[in-house]
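Visitor: Predicted model and sequence below, questions to follow.
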Amino acid sequence: MKRLAVLASGSGSNLQAIIDAIKNKDLTDVEIAIIVSNKKDAYALERARLNNIEDVFLNPKDFNSNEDFDKKIVEVLKTKEIDLIVLAGYLKILTDVFINAFENKIINIHPALLPHFGGKGMYGKKVHEAVLKNNEKESGCSVHYVTLGIDEGPIICQKKVPVLPNDTVDTLAARVLDEEHKLIVEGVKLALSCKVIACKDPTKYNISS
Ligand code: GRF
């Protein structure tokens, strides 16, 4: 049985997609061992409780530094024998303390076609605003390995969506999020099957059209 830890800071709809995939046996031999949030009111924690999954809230204000905060998360996760850590709308940047403790075992989902529209400050609606401002004809979402750089890790899989002429930030965000819910499950499968290692060669990325 492969054991996941899911980190989330918000609504947790991507987390819910993983929960549902396990329930409907789209994801087999996988369980979510723990859900961690840095936000006490994250609905992701409520989703944990509704699905009898251990949930932990860690308040960054209780720690002297991001490194100390990450040290605590690592300590908690190390007791759970985790095979893969999934950042599903987790809005804290991981420090080297965390990344070095779980090298090549952390994946993230991002609401754009990386390496475009990623990096510092590119999260949530800001991503879709930038895509629209750039008059892009397509956008999409990406699942990638987490490395020290923000949204720079090797891509595991991506899904494209069209940008429509009268799209608003909200209509584009909703279209991308729909695809995220499928892509996050594909990304977990690929990462757990080690079919995609953290490769440096972008031509080896798995991009579904
Ligand atoms: C998603 O758009 C994800 O790509 C980004 O944060 C959002 C999280 O949404 N990292 P949810 O909390 O999973 O609903």
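Guide: In hand now; what should we look at?

Visitor: Please identify the residues of this protein in proximity to the ligand?
Guide: Contact residues, the chain versus the ligand (CB under 6 Å from any ligand atom): 8, 10-14, 88-89, 109-111, 177, 180. From N, CA and C alone the C-beta is placed, and that goes for glycine too.

Visitor: Can you lay out these as a markdown table showing secondary structure?
Guide: Output for the residues of the chain next to the ligand, formatted as a markdown table (DSSP: H, G, I helix; E, B strand; the rest coil):
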| residue | secondary structure |
| --- | --- |
| 8 | coil |
| 10 | coil |
| 11 | coil |
| 12 | coil |
| 13 | helix |
| 14 | helix |
| 88 | coil |
| 89 | coil |
| 109 | strand |
| 110 | strand |
| 111 | coil |
| 177 | helix |
| 180 | helix |
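
Visitor: Residue 166: which of those is nearest?
Guide: Distance to residue 166 across the residues of the chain next to the ligand (CB to CB) is lowest for residue 177, with 18.4 Å.

Visitor: How about the contacts made by the residue of the chain found nearest the ligand?
Guide: The nearest approach of the chain to the ligand comes at residue 89, 2.5 Å away (CB to the nearest ligand atom). Shown in contact with residue 89 (CB atoms under 8 Å, 6 or more residues apart in numbering): 8, 9, 10, 11, 12, 13, 14, 15, 44, 109.

Visitor: With residue 5 instead?
Guide: Residue 5 neighbours (CB under 8 Å, 6+ apart): 32, 33, 34, 35, 36, 77, 80, 82, 84, 85, 86.

Visitor: same deal with residue 30?
Guide: Contacts of residue 30 by CB under 8 Å, 6+ apart are 1, 2, 3, 4, 22, 188, 192.

Visitor: and if you look at residue 73?
Guide: Residue 73 is in contact with 7, 36, 58, 98, counting by CB under 8 Å, 6+ apart.

Visitor: Could I get the buried residue list for the host helix or strand of the second one?
Guide: Assigned by DSSP states H and E, residue 36 belongs to strand 30-37. Neighbour-count burial for strand 30-37 flags 30, 32, 33, 34, 35, 36, 37 (criterion: 16 or more other CB atoms under 10 Å).

Visitor: how about the strands in this protein?
Guide: Secondary structure of the chain by DSSP state E: the strands cover 2-7, 30-37, 55-57, 84-87, 106-110, 138-145, 155-162, 207-208.

Visitor: now the helices for the protein?
Guide: Under the criterion DSSP state H, the chain contains helices at 13-23, 43-50, 66-78, 96-101, 125-133, 169-193.

Visitor: Including mean pLDDT, could those go into TSV?
Guide: TSV is the format used below for the helices of the chain (pLDDT from 0 to 100):
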stretch	mean pLDDT
helix 13-23	98
helix 43-50	98
helix 66-78	98
helix 96-101	96
helix 125-133	98
helix 169-193	97
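
Visitor: Same list (those) but as CSV, adding distance to residue 148.
Guide: Output for the helices of the chain, formatted as CSV (distance: least, CB to CB, whole Å):
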stretch, distance to residue 148
helix 13-23, 23
helix 43-50, 25
helix 66-78, 12
helix 96-101, 6
helix 125-133, 21
helix 169-193, 18
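
Visitor: Of the contacts of residue 73 - the most surrounded one?
Guide: In terms of neighbours by other CB atoms under 10 Å, the contacts of residue 73 top out with residue 7 at 28 neighbours.
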